[in-house]
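Novice: Output the structure for:
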Amino acid sequence: MRPSLVSRLRCPYCGTRLDAVENDALVRDGDGMAAGVLGCECCAFPVVDGIPVLVADDTARAAIQALEAGHRREALEGLLGLDGPRTSAFRAIAEGRAPATYRRLVEVLSPDAEGTYFLYRFSDPTFLTADAVLTALAADRPTAAGWALDVCGGSGHLTRRLQALQGGEDGPDRRTVLADVYFWKLWLARRITAPGCHAVCCDANQPLPFEDRAFSLAVLSDAFPYIWHKRLLAGELMRVTGPEGVVTLPHLHSADGENHSQGMALTPGAYADLFAPMAPRLFRDSLLLDGVVDRHAIDLSDPVAPDRVGDEPALTLVAGRRAEPDAPVPLASPGLVTGRLIVNPLYEVAADGDGTRLTLAFPTPEYADEFGACRRYLPAELRVAADLTGTLDDARVRAALGASYDDLRRRRVLLDVPAGYC
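Specialist: So this is what the prediction gives:
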């Protein structure tokens, strides 16, 4: 945890500044903090593996006790929520006796439908539209130049995109913050998905632990309908961005439409009312996806009035200083691979003569039902004239595929994922 983050933190309960407690739990990492305790005027919070846990509950208190007793691994495993066989499996990975990939770690840390969702996140339809929305907003230079906050950001898939839009993870002033209530998600993000990001464990149903106007852009994708204290969170998002900032909420489930997992959805008008001080604009997710898939563009120039959304299942909200372009923004062809090139893990891969046969195979019927719109850009089956079995070298694959390379990247058949993803 670096000083540039600590200076922006505030206690979510009393609002005062946080400082490192000078005791035996403190472990420095250069000028930062790898482990220890943060204190304010009302509370103490643990820092484990460079992640501050700004939640006052029994798990956090147990982590502080473990740190002060010199038991850093115990503090980590407690915050990761490990028990029984999962603890043994995690230790095998941590000690190098089992592969330390994102795929294997998420199987241990989240052996359920959410873990499945995360593994295939880079190519699901909601990610494509959220990614494109951020691309359009980043065209506004003042917004792109400041700090960015990914609230309820899970294990950092969209955070990785924010890092790229802000110039990458390197450099002394990294300006992307990932916030989530589940420590294991943040730990995975910092380890694999979005290394170099700042991570803060906090509860979005409580005041956000940041100073006023700390960010120029805040994004909350897919999660707002599941938050109970929506009025509080809307106010907090506006507070931490300020009048010159931008808030965007991609993929808001609408109470007037049908969704696979509705959550506690509101009507379009109610969402707009929550952000009224920042002049919110609403966009139909179906039209945004049409633009991304059919025209390779994102259009935020034509918002829809709340009473005209109809039975659209989901929508995207953008609020704040007018940041959207006045015309559709073309989405650039995929650039150089920044991580590792892989075949989308939704495909079964088989050698086929001097080429490769790819067959789309959803992990569960439930996944196919919820994210089946990916069939619009992921073919059910295709043969490519290149060997895509084994580890892929980007330059070799690009040369072998020729003109089809960019198309396969754009359609998410081939993915640029973090090193060690799967």
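Novice: alpha carbons only for contacts and neighbour counts from here, please
Specialist: Fine.
Novice: now the helices for the stretch 251-400 of the chain?
Specialist: 268-274, 285-294, 365-370, 394-401 (DSSP state H, counting those that start in this stretch).
Novice: List the buried residues for the longest one?
Specialist: Just to be clear, that refers to helix 285-294. Residues D285, S286, L288, L289, D290, G291, V292, V293 are the ones in helix 285-294 that count as buried (16 or more other C-alpha atoms under 10 Å).
Novice: from those, which single one is nearest A62?
Specialist: D285 (42.6 Å; C-alpha to C-alpha).
Novice: ok, the closest residue to the closest one other than its chain neighbours - contacts?
Specialist: Leaving aside its sequence neighbours, D285 sits nearest to L315 (C-alpha to C-alpha, 6 or more residues apart in numbering; 4.7 Å). Under the criterion of C-alpha atoms under 8 Å, 6 or more residues apart in numbering, the neighbours of L315 are P250, H251, L252, H253, S254, P268, L282, F283, R284, D285, S286.
Novice: hey, which helix is longest across the protein?
Specialist: Secondary structure of the chain per DSSP state H: the longest helix is helix 125-138.
Novice: got the buried residues for that helix?
Specialist: 125-138.
Novice: next one: stretch 205-223
Specialist: Going by neighbour count (16+ other C-alpha under 10 Å), the buried part of stretch 205-223 is 207-223.
Novice: what do you get for stretch 76-87?
Specialist: L76, E77, G78, L79, L80, L82, R86, T87.
Novice: Generate TSV for the residues you listed, with pLDDT as supplementary columns.
Specialist: Output for the buried residues of stretch 76-87, formatted as TSV (pLDDT from 0 to 100):
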residue	pLDDT
L76	97
E77	96
G78	97
L79	97
L80	97
L82	93
R86	93
T87	94
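Novice: mind putting the residues you listed in CSV, secondary structure and distance to E22 included?
Specialist: Output for the buried residues of stretch 76-87, formatted as CSV (DSSP: H, G, I helix; E, B strand; the rest coil; distance: C-alpha to C-alpha, whole Å):
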residue, secondary structure, distance to E22
L76, helix, 20
E77, helix, 23
G78, helix, 23
L79, helix, 22
L80, coil, 25
L82, coil, 29
R86, helix, 33
T87, helix, 31
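Novice: With F127 as the reference, measure out to H296.
Specialist: H296 sits at a distance of 15 Å from F127 (criterion: C-alpha to C-alpha, to the nearest Å).
Novice: so who does L233 touch?
Specialist: A204, N205, Q206, P207, L208.
Novice: list the contacts for the third one?
Specialist: Q206 makes contact with P12, H229, L232, L233 under the criterion C-alpha under 8 Å, 6+ apart.
Novice: Mean pLDDT per helix and strand in the protein: which one sits at the bottom?
Specialist: Among the helices and strands of the chain, helix 141-145 carries the lowest confidence by mean pLDDT, DSSP states H and E, at a mean of 57.
Novice: Spell out, range by range, the strands that occur in the stretch 251-400 of the chain.
Specialist: 281-284, 297-298, 314-320, 329-330, 340-343, 347-352, 355-360, 381-384 (DSSP state E, counting those that start in this stretch).
Novice: Can you tell me which of the ones you listed has the worst average pLDDT?
Specialist: The weakest mean pLDDT among those belongs to strand 329-330, with a mean of 88.
Novice: Okay, and the beta partners of the residue nearest to D285?
Specialist: Note on L315: beta-bridge partners by DSSP bridges are L252, R284.
Novice: Distance-wise, check it relative to C11.
Specialist: Distance of L315 to C11, computed by C-alpha to C-alpha: 32 Å.
Novice: What's the local residue count around E381?
Specialist: The number of residues packed near E381 is 12, by other C-alpha atoms under 10 Å.
Novice: Could you list which residues are in contact with it?
Specialist: By C-alpha under 8 Å, 6+ apart, the neighbours of E381 are R357, L358, T359, L360.
Novice: For the third one, which non-adjacent residue is closest in space?
Specialist: Looking back up the chat, that one is T359. Nearest residue to T359, sequence neighbours excluded (C-alpha to C-alpha, 6+ apart): E381, at 4.5 Å.
Novice: Then the first one?
Specialist: With sequence-adjacent residues excluded and distances taken as C-alpha to C-alpha, 6+ apart, R357 is closest to R383, at 4.5 Å.
Novice: Help me confirm that the one you found comes into contact with T356.
Specialist: Yes. Here R383 lies in contact with T356, judged by C-alpha atoms under 8 Å, at a distance of 5.6 Å.
Novice: Between these two, which is the more surrounded one?
Specialist: T356 (18 against 14).
Novice: Next, find the distance separating that one from F122.
Specialist: Applying C-alpha to C-alpha to T356 and F122 gives a distance of 22 Å.
Novice: hmm, back to that, got the contacts of E381 as JSON lines, with neighbour count columns?
Specialist: Converted to JSON lines, the contacts of E381 look like this (neighbours: other C-alpha atoms under 10 Å):
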{"residue": "R357", "neighbour count": "20"}
{"residue": "L358", "neighbour count": "23"}
{"residue": "T359", "neighbour count": "17"}
{"residue": "L360", "neighbour count": "18"}
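Novice: tell me which of those residues is nearest to R239?
Specialist: Out of those, the member with the shortest distance to R239 (by C-alpha to C-alpha) is L360, at 44.1 Å.
Novice: any idea how far that closest one is from Y120?
Specialist: The value you get for L360 to Y120, if C-alpha to C-alpha is used, is 12 Å.
Novice: Give me the common contacts of the two.
Specialist: L346.
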